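>>> task: produce atomic coordinates for the following.
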Amino acid sequence: MAVAFWGSVALVFYAYLGYPRALAMISLFRDRPVRKQKITPRVSFIITAHNEEARIRAKIDNTLAQDYPADALEVIVASDCSSDRTDAIVSAYAPRLRLARAPERRGKEAAQQIALASATGEIVIFSDVATTLASGGVSTMVANFADPTVGCVSSVDRFIDADGRVSGEGAYVKYEMLLRALETRVNSLVGLSGSFFAARREVCQRWSAECQSDFNTLLSAVEMGWRGVLDVQSAGYYRNIVDDRREFQRKIRTVVRGIFVLAANRRMLNPLRYGLLAWQLASHKLCRWLVPFAMIAALVSNAALVTRSPLYLAMFLVQSAFYAAALAGMSGMSRLSRLAVDVPALKLPAFLLVANLGVLVAWIRFARGDRIVFWSPSERLSTLR
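Numbers count the residues shown, from 1 in each chain. This next block holds a predicted model:
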């Protein structure tokens, strides 16, 4: 029980704190800056949509208004067999853009694959309908490919408040961006932002209609000898999902699909062949996805050890306080809900508990054989900037 307890605690702390600290230490003597330069290669900009008649026009207008040479920007809308007016709205923009319609609904990646078949750009950018870009979004992202070591580029997510202004980043978003910045500096990212990312055309030749495109693209780039980087100046703007239940389900889908990709590429966890990246994958992905099991083991083993010493009693009280704060933060009572927004002591535990509950559910669904190939558009609201 003692081994189970301390091992579980160590895993939780390593996943959230130990890994970024290790990256920070490595970055002191290993620094791989991205050599950005203004370039204008031909770009294929692929917008993926399914029944987006309410938002597709704004997304197209935002894309066509990009500060990038018009003759070097090819825009393709990949319609995942939309059954509303999406395709008709897109077709009205011809010949400024092209519609690539899937004959049957097979999922996001399958629709993107159809668009890729006719894409002619040296660089391919993928973006969701709900994501709005600044006028220099394409130029800023493409500049990273002047560095010959870069195979794919990830944007950062920026939240918009109800008044259309960029809102402050939450603690978790800041944490993730710091982690990705450290990974870029030390070696390579291990995942891309699915709402706005780019890759070299050669990387996209390894496309899989069954695998999560952002994660699988990064792994393909690394296997081909390139790296993935974060560009903090390339941002996708969107309003957050207003329904917490939908956001919870979205996170479950994301993790299920991520586990599937990692399982399919488990050979990349071999440090003898993939070196530093294998450690990064194990730390950022696998260890993070094992945290809910470690939390359960820590609580159960701690309960069995609570009478052994004052230390175990104190640790059990700390765990109890954490879960009590998390449940208070998750409470449906309006007063506590408002309080959780302003009090980190309630908000952060609630977020961590819900996030890891989602990961646990994802593992259960994965074990049952659920791969979630089909894709439903996010409820995030697009906002022009």
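
>>> which residues are in contact with stretch 106-116?
The set of residues external to stretch 106-116 that reach it, using C-beta atoms under 8 Å, 6 or more residues apart in numbering, is 44, 46, 48, 50, 76-81, 100-102, 124, 126, 204, 207-213, 373-375. C-beta: built from backbone N, CA, C; applies to glycine.

>>> how many residues are close by F215?
When neighbours are counted by other C-beta atoms under 10 Å, F215 registers 22.

>>> quick one, phi/psi of it?
Phi and psi for F215, reported as degrees, to the nearest 10, are phi -70, psi -50.

>>> which strand in the chain has the most residues?
strand 227-239 (DSSP state E).

>>> buried only: go through the contacts of stretch 106-116 for me.
Applying 16 or more other C-beta atoms under 10 Å to the contacts of stretch 106-116, the neighbour count classes 44, 46, 48, 50, 76-81, 100-102, 124, 126, 204, 207, 209, 211-213, 373, 375 as buried.

>>> which elements pack onto the longest strand of the chain?
With contacts taken as 3 or more C-beta pairs under 8 Å, 6 or more residues apart in numbering; DSSP states H and E, strand 227-239 sits against strand 132-133, helix 137-142, strand 150-160, helix 171-186, strand 196-200, helix 213-223.

>>> out of these, deepest packed?
Counting by mean count of other C-beta atoms under 10 Å, strand 196-200 has the highest mean neighbour count of the helices and strands packed on strand 227-239, with a mean of 26.

>>> partner strands of that strand and their direction?
Note on strand 196-200: by DSSP bridges, its sheet partners are strand 123-128 (antiparallel), strand 150-160 (antiparallel).

>>> what sits closest to V203 if chain neighbours are left out?
Distance criterion C-beta to C-beta, 6 or more residues apart in numbering; nearest residue to V203, sequence neighbours excluded, is A221 at 4.7 Å.

>>> ok, that neighbour to Y172 distance?
A221 is 26 Å from Y172, where distance means C-beta to C-beta, to the nearest Å.

>>> cool, E122 as well?
In terms of C-beta to C-beta, E122 sits 35 Å off from Y172.

>>> tilt between the helix or strand just after the longest strand of the chain and helix 213-223?
Downstream of strand 227-239, the next assigned helix or strand under DSSP states H and E is helix 244-264. Calculated by axes from the mean of the first three to the mean of the last three C-alpha atoms, to 10 degrees, helix 244-264 forms an angle of 30 degrees with helix 213-223.

>>> same for helix 244-264, what does it pack against?
Secondary structure elements in contact with helix 244-264, counted by 3+ C-beta pairs under 8 Å, 6+ apart, are helix 213-223, helix 288-305, helix 344-367.

>>> out of these, nearest to L11?
helix 288-305 (4.3 Å; C-beta to C-beta).

>>> what comes up buried for the closest one?
288-292, 294-295, 297-299, 301-302, 305.

>>> helices and strands around it, which ones?
Helix 288-305 is packed against helix 2-13, helix 244-264, helix 310-330, helix 344-367, with contacts defined by 3+ C-beta pairs under 8 Å, 6+ apart.
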